[in-house]
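K.L.:
Task: produce atomic coordinates for the following.
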Amino acid sequence: MRFTRMGGTCLRSEMMVVETPGCYSKALVGVNLVLAFIDGGIAVLAFYQLIRIHSRNPQRGWTRQKVFHLMIGSSSTGYGIYFILTLVAACKNWICWSNSCGFVVMALPKILFLAAFLLLLSFWVDLCHQANDEDEDDGSPRAALIEKANKRNLKINSQRRYCSFRVFPVGSRQQAVILVTLLILVIMLASAVLIWIGLGKNPIDSAVVARVYVDTFAVAMLLLGGALACYGYVLVSKMSKVRSERTSSEMWKVAGLAIVSVICFTSSSVVAFFTNIPVLYHCDWRSIRGIYVSLLLIVYYFIGSSVPSAFVLWIMRELPPSVAINVPEESRTLAFVSDYSPATEPQQHWTTIATAQNQVSRASPI
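P.N.:
Numbers count the residues shown, from 1 in each chain. The predicted structure follows:
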């Protein structure tokens, strides 16, 4: 049987209702179990490494390294749950799974995965623009650092401190990533509601809603891969001008991650564009050849998600130093409101803070 794009009837609940419940073919069951095991292993490694990183220096709060491990671990956990529930839903004939329930469980880990790499892209963009700003500086870094520190504290000076928490420096681009992630989450939930409504007698075609969401997400992954490739090239070209063993190591990490991202994101997007692999939970897989679908599942999920996640964990495997960097606590704390005045601090003190922050933020592009 030829495997074509999903038609409107593929989302109908009667496609999953049979006289005797039955599971998928042995090939599909095996592939789903292997994918669940791989993603479960990635999640365990991510959370285990997160605990090790936190135990090395718990007073540092949430750093970039911890956030990446948390997001990748959560995404991989979601994928593992999705693969297991897919098999259970087929054997138990869960009608809800062929509707919006399967769509939500499929989409959530993908959103977390996208958010993790968008966050990585935001850091790379910051580094590229930071390097450009330093190249344009005419030789007064002290005054620029003092002015930058004073502006940041004057902005929060008019109010009093009510709460604070330790995080990595959150810039405008990281805030944009958070907003984009929340927007995608809202679109996903709205699509799930439309899919559920479309199963009734109304003009809404649930199949079209699911396909539009999947295709739009595939476009986003393609753009993300291209952006990582472009900014990765810029970073590598700038880092190649610095001769040091550490810089050379970081340069290969950036280049490797950019190449892996382009290959993996492109492969998964092509599968999403031309097949029904992302929305197969809506259909009766027993009418589809198991070997063909198994290969597409491997390309879409293993190469498209598991390989990039594992690669990020590998290049971020180094533990931070157990001794904290000698930077005043204010530079590690994001305070909503503050009650101290910058006029009481010496200019040299602010220069030290800003310089240390700059060095810490540029310690690694990953």
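
K.L.:
Tell me how many other residues surround residue 240.
P.N.:
12 (other C-beta atoms under 10 Å). Quick note: C-beta positions are derived from backbone N, CA and C, even for glycine.

K.L.:
Kindly report the same for the one 5 residues further on.
P.N.:
Counted with other C-beta under 10 Å, the burial measure for residue 245 works out to 7 neighbours.

K.L.:
Likewise for residue 111?
P.N.:
Count around residue 111 with other C-beta under 10 Å applied: 18.

K.L.:
Which secondary structure element is home to it?
P.N.:
Using DSSP states H and E, residue 111 sits in helix 100-136.

K.L.:
What residues of that helix count as buried?
P.N.:
The neighbour-count check on helix 100-136 (16 or more other C-beta atoms under 10 Å) flags 100-103, 105-128, 131 as buried.

K.L.:
what sits up against stretch 173-187?
P.N.:
For stretch 173-187, contacts defined as C-beta atoms under 8 Å, 6 or more residues apart in numbering pick out 111, 114, 115, 118, 119, 122, 123, 125, 126, 213, 217, 220.

K.L.:
Now do the buried residues in it.
P.N.:
Within stretch 173-187, the residues that qualify as buried by neighbour count (16+ other C-beta under 10 Å) are 173, 174, 177, 181, 184.

K.L.:
now the strands: where do they sit in the stretch 251-366 of the chain?
P.N.:
333-335 (DSSP state E, counting those that start in this stretch).

K.L.:
ok, which stretches of it are helices?
P.N.:
Per DSSP state H, counting those that start in this stretch, the stretch 251-366 of the chain carries helices over the ranges 290-297, 307-315, 347-361.

K.L.:
ditto for the stretch 51-200 of the chain
P.N.:
Assigned by DSSP H, counting those that start in this stretch, the helices in the stretch 51-200 of the chain fall at 64-92, 100-136, 141-155, 172-198.

K.L.:
And the second one, what does it pack against?
P.N.:
Which is helix 100-136. helix 64-92, helix 172-198, helix 206-239, helix 245-274, helix 307-315, helix 347-361 (3 or more C-beta pairs under 8 Å, 6 or more residues apart in numbering; DSSP states H and E).

K.L.:
Need these in TSV (columns: distance to residue 28).
P.N.:
Formatted as TSV, the helices and strands packed on helix 100-136 follow (distance: least, C-beta to C-beta, whole Å):
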stretch	distance to residue 28
helix 64-92	8
helix 172-198	23
helix 206-239	19
helix 245-274	16
helix 307-315	21
helix 347-361	46
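
K.L.:
Just send the ones you listed back as JSON lines, with mean pLDDT and distance to residue 26 too.
P.N.:
Shown next, in JSON lines, are those (pLDDT from 0 to 100; distance: least, C-beta to C-beta, whole Å):
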{"stretch": "helix 64-92", "mean pLDDT": "92", "distance to residue 26": "12"}
{"stretch": "helix 172-198", "mean pLDDT": "92", "distance to residue 26": "30"}
{"stretch": "helix 206-239", "mean pLDDT": "92", "distance to residue 26": "27"}
{"stretch": "helix 245-274", "mean pLDDT": "91", "distance to residue 26": "22"}
{"stretch": "helix 307-315", "mean pLDDT": "95", "distance to residue 26": "25"}
{"stretch": "helix 347-361", "mean pLDDT": "41", "distance to residue 26": "51"}
